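1. pasted the sequence and its predicted model underneath.
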Amino acid sequence: MNPYVLTTLLSSLGLGTTLTFASSHWLLAWMGLEINTLAIIPLMAQHHHPRAVEATTKYFLIQATAAAVILFAGTANAWATGEWNMTNMSDPIATTMILAALSLKVGLAPMHFWMPEVLQGLDLLTGLVLSTWQKLAPFALIIQTSQAFDPLLLTTLGLTSTLVGGWGGLNQTQLRKVLAYSSIAHMGWMVIILQHAPHLTFLALLMYILMTSAAFLTLNLSYATKIGTLATTWSKGPLLTATTALVFLSLGGLPPLTGFMPKWLILQELAKQGLPFTATIMALAALISLYFYLRLCYSMTLTISPNTAASTTPWRTQTTQVSAPLALFTVMALSLLPITPAITALLI
């Protein structure tokens with residue numbers, strides 16, 4: 001892609017997200033979401049592969065539908081209250097519609113069906129942008145308007161997403177689909193605690209972005225898109241393979257890695273709020289997710305690739321990728337747990 005075009009698209013991505021962050025007016029927030037969507041569409045379809053074009057079309061239709069519902073619900077709320085301000089969401093129907101539309105935008109279950117299919121059709125770097133940056137603007141709106149949402153509805157969405165994200169990833173062989181279901185499960189953890197401690201939602205989102213960035217960049221460096229390909233990575237870089245396994249375990253929330261931090265604090269807060277049953281279901285759902293991360297670790301560290309390869313394996317070629325961001329994200333994804341008190345003190 002032409003560097004000028006790429007710069008324009010990435011600047012538009014940043015502009016759309018910033019506009020949504022800075023706005024308290026539904027029309028401006030909607031404009032930011034639309035700029036965001038239109039900027040990522042050319043990035044998704046840049047390879048002109050049929051799967052990429054199909055994924056781009058699906059993504060555009062879903063996002064356009066969600067944006068239309070947000071605009072309609074914002075208009076309905078303005079009709080009922082006389083103002084476009086996000087903090088004045090007194091119309092219950094409009095509020096529920098906005099939550100449903102924002103859930104569709106970020107891929108919360110049961111509005112998650114587009115996420116694995118779209119992510120499967122993209123290359124790993126575009127998939128990284130879709131899984132991390134594209135979540136920021138809708139989640140900013142969810143956090144801003146969280147007090148207006150029905151607590152039972154938020155809890156239901158959170159539990160459903162965590163369970164669907166765990167069960168859905170169990171029998172997947174494509175790594176992008178595994179990471180898509182991982183995203184769905186993590187979104188559930190963020191939403192479940194939103195009504196009680198919004199700062200923990202922000203913490204969980206931040207940790208998810210760190211760990212997912214490390215996972216995508218590692219897979220991109222080793223050209224791995226299927227679980228079977230992971231068995232060949234040990235011969236190329238044993239250290240990289242070991243850190244990749246630890247990043248996946250961190251995504252699963254295994255102590256003493258960084259991923260344990262948000263899950264631990266969220267379960268603690270749920271117990272404090274008198275919701276031990278909800279906390280128990282969330283903990284059990286985390287175990288289901290941990291199982292498919294363990295499958296990935298098993299493929300990388302405990303299996304050996306066949307000696308008779310039918311074709312030249314892509315990991316034998318010398319890479320020209322920049323590895324500094326990967327090193328930074330990997331270190332942060334593995335070692336932030338000891339400074340949990342300092343991080344939580346900064347957020348509260």
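-> All right, it came through fine.
2. can we go C-alpha only for contacts and neighbour counts from here?
-> Fine.
3. could you pull up phi and psi at Lys226?
-> Note on Lys226: backbone dihedrals following degrees, to the nearest 10 are phi -130, psi 160.
4. what bridges to it?
-> Under the criterion DSSP bridges, Lys226 forms beta bridges with Gln174.
5. does it touch Leu175 like I think?
-> Yes. If you go by C-alpha atoms under 8 Å, Lys226 and Leu175 touch, sitting 5.2 Å apart.
6. the two - which one has more neighbours?
-> Neighbour tally, Lys226 and Leu175, criterion other C-alpha atoms under 10 Å: the higher count belongs to Leu175, 23 against 17.
7. where's the closest residue to Pro138 other than its chain neighbours, which helix or strand?
-> Leaving aside its chain neighbours, Pro138 sits nearest to Leu102 (5.8 Å; criterion: C-alpha to C-alpha, 6 or more residues apart in numbering). According to DSSP states H and E, Leu102 maps onto helix 92-106.
8. who are the packing partners of that helix?
-> helix 50-81, helix 133-144 (3 or more C-alpha pairs under 8 Å, 6 or more residues apart in numbering; DSSP states H and E).
9. tell me which residues of the first one come out buried.
-> By neighbour count on 16 or more other C-alpha atoms under 10 Å, the buried set for helix 50-81 is 51-60, 62-64, 66-67, 69-71, 73-78.
10. that helix - contacts with which helices or strands?
-> helix 26-44, helix 92-106, helix 114-120.
11. and it with helix 92-106, angle?
-> 160 degrees (axes from the mean of the first three to the mean of the last three C-alpha atoms, to 10 degrees).
12. in this structure the residue nearest to Pro138 contacts Ile142, no?
-> Yes. Contact criterion C-alpha under 8 Å: Leu102 and Ile142 qualify, at 7.0 Å.
13. who has more neighbours out of those two?
-> For Leu102 and Ile142, the more surrounded residue by other C-alpha under 10 Å is Leu102, and the numbers stand at 24 against 19.
14. okay, now the residue nearest to Leu130 when sequence neighbours are not counted: neighbour count?
-> Counting by C-alpha to C-alpha, 6+ apart, Leu130 lies nearest to Leu119, which is 7.8 Å off, once chain neighbours are set aside. Counted with other C-alpha under 10 Å, residues neighbouring Leu119 total 26.
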